[in-house]
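**Q** Make a model of this:
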Amino acid sequence: MMEAPSEGSYSRTSVQNIILVFLVLISCFLYSGLIFGWAPFVLLLKEEGFFTSDCSPSETICASQANQFNFIYTLASTTVSITGLPAGIILDNFGPLVTTCIAGMFECTGLVLIAISNTEGEVVVAGITIPHAFTSAIIVLAIGGALFMFAAFHASFTWPEQQAFVMAAISCLFDGSTFTFAAVYFIHTLGFSRSIIFTTFAIFTVFFTGSLFLAWSFYKPHVPHLMSSNDQLDQMSYSNNQESLTQPLLRDSPKTGGSSPESCHEHSFNFRHEQDIEASETSLEEGTINPMHFRTFRSQLCSFHFLFVFCLSTVHVVRSNFFLGTVNLLLENLGDASNGYEVTEAVGYIIPCGFLAIPIIGLSVTLFGSLLTFQFINLMGMIYGAMSVVKILKLQLATAAVYTIYRAFFFSTLSTYNAEIFGKRTLGRIQGILFLVSGLLNLCIIPVVKFTTTTLNGDLFWPNLSQLFFLVPLMILTEVERFRR
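**A** Residues are numbered from 1 along each chain as shown. Below is the predicted model:
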């Protein structure tokens, strides 16, 4: 392991690092969450006649087509969630440069497959038919987007003077990337075919990934002159690979021979250097560090704090993905087809605008704290859910606006709460577990939508109404957590 740079080697953020941050933010905007802009992309696919072989001309809503679109979206949104842990492992072991290259390869592959797929979702090469190529393409795009986002988090360390801004921008642009498919649909309305659009996008991605590769290659690690005691707890080791930021100093204690098995009440941990112990004790006495930060990872998982955030995450993430995956069906059932899909197209432009709420989110968390903000999120979830069961087409524009604010508030506050309670040492694993479980629960959306299209004739009234009952226990649980704090 290399020694930390001497004071004379410290330097202000280089121009190369600023360029790197700029390119990373573009990658987040273009790729990280683009599959969540599913609604306008479905309009493009419908115009090209995707999955209509089993549709009857007399059907107002083709159940088989709606089920197929929802199936693909659910698989893709689930993939984004369950990719979190593997993406973190790749990033920790190989660094952001390799992670970015893998992300670029996934994105290029997905874009090419979309460009050459036929309307049955197949690819025919040299007379050989490759089934489910389109579905695979969307899943591959989801994996590539998640990898781009994880690599982006390391870029926040390259610009220490603006680290908070960079982290906030990365989170915002994940939602903003849902605009990508809306832009694709707009270009399609100008007369460009799906094949031309996605082939051009794939070529651009090759050159863009190459630019990111060069930017990460020239990355210069930056270490501040003086570190606070909090920073010392999470100082990263220097390795021979400049692009790789490695494990933090604070680690879970290993089991030793003769010791009893680790329980939920063990709070032991290791430091590499004596000064880190002194710094941590001083910070703990001064109240600058949450005592939960010093628990072992297993002990954190056994805490009421994790139970609270686990319940909160599973309900809100699944509800959020359900709305994104069924908003087209909701609007079509309300007659948007006869309206030229104007509301559907407008919703596709509303949802990416969650970044506009970031100043309000920051103010809310600062003034009222994470837990009161979570209660506000629970309330917004109830409001948009109640609006979605009102069968007025134009009202759903307001529903989409409330949902967009709700989504931005939730994901931003969730990360803030987890960082505040569990600390940087285990933040990645905590987040990964939450999104992994939520992603697996996403699979429940498939039978719900199938039941809706086959039994309820596409009417989402009862599925949307039933979701509201899950929010009442969350409000009670949030109050319990507030009382405990």
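
**Q** buried set for stretch 339-353?
**A** Taking 16 or more other Cβ atoms under 10 Å as the basis for neighbour counts, the residues of stretch 339-353 that come out buried are 341, 343-353. For glycine as for every other residue, the C-beta is placed from the backbone atoms N, C-alpha and C.

**Q** Let me see the contact set for Ser27.
**A** By Cβ atoms under 8 Å, 6 or more residues apart in numbering, the residues touching Ser27 are 100, 103, 148, 151-152, 208, 212.

**Q** Closest one to Glu59 out of these, please.
**A** Sorting the contacts of Ser27 by distance to Glu59 puts Phe148 at the head of the list, at 38.7 Å, by Cβ to Cβ.

**Q** In space, what's closest to Ile421 - neighbours in sequence excluded?
**A** The spatially closest residue to Ile421, leaving aside those adjacent along the chain, is His305, at 5.0 Å (Cβ to Cβ, 6 or more residues apart in numbering).

**Q** can you tell me the helix or strand for the one you found?
**A** For His305, the element it lies in under DSSP states H and E is helix 304-333.

**Q** what residues are up against the closest residue to Thr314 other than its chain neighbours?
**A** Of all residues beyond its chain neighbours, the one nearest Thr314 is Ser438 (5.3 Å), with distances taken as Cβ to Cβ, 6+ apart. Shown here is Ser438, whose contacts under the criterion Cβ under 8 Å, 6+ apart are 81, 313-314, 317-318.

**Q** closest to Glu420 among these?
**A** Using Cβ to Cβ, Ser313 comes nearest to Glu420 of the contacts of Ser438, at 15.2 Å.

**Q** Counting neighbours, what do you get for the residue lying closest to the closest one once chain neighbours are set aside?
**A** With Cβ to Cβ, 6+ apart as the criterion, Ser313 has its nearest non-adjacent residue at 4.3 Å, and that residue is Leu434. Here the count is done by other Cβ atoms under 10 Å, and Leu434 has 21 residues near it.

**Q** Just the pLDDT for Leu434.
**A** For Leu434, the pLDDT comes out at 85.

**Q** thinking again about what came up before, which of the contacts of Ser438 count as buried?
**A** Among the contacts of Ser438, those classed as buried by neighbour count (16+ other Cβ under 10 Å) are 81, 313-314, 317-318.

**Q** When you compare pLDDT across these, which one is lowest?
**A** Looking at pLDDT alone, the buried ones among the contacts of Ser438 dip lowest at Ser81, where the score is 82.

**Q** Nearest residue to that one in space, ignoring adjacent ones along the chain?
**A** Gly439 (2.5 Å).

**Q** Tell me the secondary structure of the one you found, please.
**A** Under the three-state scheme (DSSP: H, G, I helix; E, B strand; the rest coil), the conformation of Gly439 reads as helix.

**Q** Do I have it right that it meets Leu75?
**A** No - Gly439 is not in contact with Leu75 according to Cβ atoms under 8 Å; the separation is 10.2 Å.

**Q** what about these two, which has more around it?
**A** Legend: neighbour count by other Cβ under 10 Å for Gly439 and Leu75, higher for Gly439 (21 against 18).

**Q** Stretch 464-472: how far from the chain's middle?
**A** Relative to its chain's centre, stretch 464-472 lies at 23 Å (Cα atoms, centre = their mean, to the nearest Å).
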